[in-house]
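Participant: Sequence and computational prediction follow.
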Amino acid sequence: MKQKVQLFINNEEVDVFQDGSITIQSSIKDIKDPGKIFTDFSKNFTVPSSNRNNILFKHYYSGDILDGFSARIAQEARVEINNRVFREGYIMLEGVDLRCNKLISYRVRFYGN
């Protein structure tokens, strides 16, 4: 059975590659505080350059745009599998991939609450 994976940033659905994967790992964050022992994070993964994603990331790749998307600020995000919340946390934009000066994809990383 194929799983439907959806990514939302600030309650806006993000287009994802159908054949791509998001690997989320749990790790020890702070052993001294039992409430913060485990945290989730992902390896960086890519999302396509689509009209929806370009609007969401405010054409981050273009230096000509004022008040664009800030990669320094984590954005609220959630990952859903088959329309059910799997993890909630934050997304950080790590970069973009260009080919012949044309945007191909955005590289992002997910961090759990």
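Facilitator: Perfect, thanks for sending it.

Participant: Tell me the secondary structure at residue 61.
Facilitator: coil (DSSP: H, G, I helix; E, B strand; the rest coil).

Participant: Which residue, other than its chain neighbours, is closest to it?
Facilitator: Leaving out its chain neighbours, the residue that sits closest to residue 61 by Cβ to Cβ, 6 or more residues apart in numbering is residue 96, at 4.5 Å. Placement of C-beta: from N, CA and C, glycine included.

Participant: what's the helix or strand for the one you found?
Facilitator: When elements are assigned from DSSP states H and E, residue 96 belongs to strand 84-99.

Participant: May I have the strands that pair with that strand, each with its orientation?
Facilitator: Paired neighbours of strand 84-99 in the sheet (DSSP bridges): strand 75-81 (antiparallel), strand 102-112 (antiparallel).

Participant: which residues sit against the last one?
Facilitator: Spelled out, that is strand 102-112. For strand 102-112, contacts defined as Cβ atoms under 8 Å, 6 or more residues apart in numbering pick out 7, 22, 24, 26, 39-49, 53-54, 57, 60-61, 74, 77, 79, 87-98.

Participant: Make a ChimeraX selection of whichever of the residues you listed turn out to be buried.
Facilitator: With 16 or more other Cβ atoms under 10 Å as the criterion, this ChimeraX line picks the buried residues out of these:
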select :7,22,24,40,41,42,45,46,47,48,49,53,54,57,60,61,77,79,87,89,90,91,92,93,96
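
Participant: out of the strands paired with strand 84-99, which comes closest to residue 67?
Facilitator: strand 75-81 (15.1 Å; Cβ to Cβ).
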